[in-house]
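Chemist: Based on what follows, work out the 3D shape:
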Amino acid sequence: MRIVFVARDQALRIASAVVRALDFAERVSVINLDCDDETARLAEESGGEVIQYSGPTNAPSIAKLLVQTTLEQEHTVIIALDEDWKLSDMARTVGQSRQGHDVYIAFKHRTKNRKSVDDGEGLPIVTDTYNYTEADIQFAFCTKPGLLAVAEQNQDQAPADLPQNIDLRVVELKLPPGPAQRESLASASRFAQFFYWMLESRHPLIWFGIPGIVFFWVGFEMANELISFQGPHDSVSLGVALAAFAATLFGVFSLTASLILYVLGKQVNRVPNRIASRNDKPQSEHQQAQNDEEYRFSTLPPF
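Modeler: Take a look at the predicted model:
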């Protein structure tokens, strides 16, 4: 299987997307629409192959671009990497692509579709009449014959115009429940850089570990003195008790945060080694045959 990401201005997400896709596919490609050098570098370092492209992004044009580099028996999953697709959707996307169709196209919900105009009556759009210039595709799956058939179409045609021998399924994705959570990209980027800096420099053990030990020790001593105090219990003693509880709780929280961030830093450092070992480790003929057999059974349609 080959997973292809169609990405524009996704430098912050492309590395994690490629690493995640390698858990499901043997090949991962990135169609870099904005020709951003940072996106291309991160994708290549994560184990993906980069295709620089600045043409139209309709399905026939993308299919013409991919058909030249697709193997004979290779299945291709094409994902539009944008704000409407999350990394947690990877397993569901790959699972839906294993239903045995030659071409499986999932259009965005009509409220998310930037190319089509809603009629205002809340009626569902008939996906059979969609043409490639009227609708945004979130993800698609094609076998080699299906990819060739889509590549032979033009942008004004619809998926329903594919030949009868092509097993086709077209769906419209449901709108995700709940209001969309928005966050400033600039603040998210600054937080991500700060978080990565803490993991890379191992500062969590200093920033959280040492204050955690100090606050825990202070809270423990205050609680010990309060227990041994034999005087009257008034508002002052109650305030000291609350301060001791807060100091102890803050110390435990800081120690826990330092350990969690330290473990996350170790996991981040293991990602490059994992990618390198995956790319460098050769497969024997027996292992390759076994993987092909498992993949053949995994692509059978469900009963």
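
Chemist: what's the residue nearest to residue 132 when sequence neighbours are not counted in contact with, if anything?
Modeler: Of all residues not flanking residue 132 in the chain, residue 58 sits nearest, at 4.2 Å (Cβ to Cβ, 6 or more residues apart in numbering). To be clear about C-beta, it is placed using only N, CA and C from the backbone, and glycine gets the same treatment. Applying Cβ atoms under 8 Å, 6 or more residues apart in numbering, we find residue 58 in contact with 132, 133, 155.

Chemist: Mark which of the residues you listed are buried, thanks.
Modeler: Among the contacts of residue 58, those classed as buried by 16 or more other Cβ atoms under 10 Å are residue 132.

Chemist: tell me the pLDDT at the residue nearest to residue 132?
Modeler: As predicted, residue 58 sits at a pLDDT of 86.

Chemist: Equivalent analysis for residue 291, please.
Modeler: At residue 291, pLDDT is 53.

Chemist: And residue 152, by the same measure?
Modeler: The predicted local confidence for residue 152 is 90.

Chemist: The closest residue in space to it that isn't next to it in sequence sits in which helix or strand?
Modeler: What sits nearest to residue 152 in space, not counting adjacent residues and going by Cβ to Cβ, 6+ apart, is residue 60, at 7.7 Å. Taking DSSP states H and E as the criterion, residue 60 maps to helix 59-67.

Chemist: Only alpha carbons, please: show that helix as CSV.
Modeler: Output of helix 59-67 as CSV, limited to C-alpha atoms (Å, rounded to 0.1, in the frame of the first residue of the first chain):
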residue,chain,number,x,y,z
ALA,A,59,-8.6,14.3,-8.9
PRO,A,60,-7.7,13.6,-12.5
SER,A,61,-4.6,15.9,-12.3
ILE,A,62,-3.4,14.2,-9.1
ALA,A,63,-4.0,10.8,-10.6
LYS,A,64,-2.0,11.6,-13.7
LEU,A,65,0.8,12.7,-11.4
LEU,A,66,0.8,9.5,-9.4
VAL,A,67,0.1,6.9,-12.0
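
Chemist: After that helix, which helix or strand is next?
Modeler: strand 76-81.

Chemist: Each with direction, which strands does that following strand pair with?
Modeler: strand 2-7 (parallel), strand 137-142 (antiparallel) (DSSP bridges).

Chemist: That strand to helix 59-67, inter-axis angle?
Modeler: 120 degrees (axes from the mean of the first three to the mean of the last three Cα atoms, to 10 degrees).

Chemist: Where does residue 18 fall, secondary structure wise?
Modeler: Going by DSSP H and E, residue 18 is in helix 14-21.

Chemist: Could I get the full set of helices for the stretch 101-250 of the chain?
Modeler: 144-151, 185-201, 204, 210-228, 235-280 (DSSP state H, counting those that start in this stretch).

Chemist: What average pLDDT does the last one get?
Modeler: Mean pLDDT, helix 235-280: 69.

Chemist: thinking again about what came up before, tell me which of the strands paired with strand 76-81 is the most buried.
Modeler: strand 137-142 (a mean of 26; mean count of other Cβ atoms under 10 Å).

Chemist: Need the contact partners of that strand.
Modeler: 59, 63, 75-80, 84-85, 93, 96-97, 101-108, 150, 173.

Chemist: hmm, back to that, identify, from the contacts of residue 58, the entry nearest to residue 162.
Modeler: Nearest to residue 162 among the contacts of residue 58, counting by Cβ to Cβ, is residue 132 at 11.5 Å.

Chemist: In contact with that closest one, which residues?
Modeler: The contact partners of residue 132, by Cβ under 8 Å, 6+ apart, come to 58, 59, 60, 153, 155, 156, 157, 158, 159.
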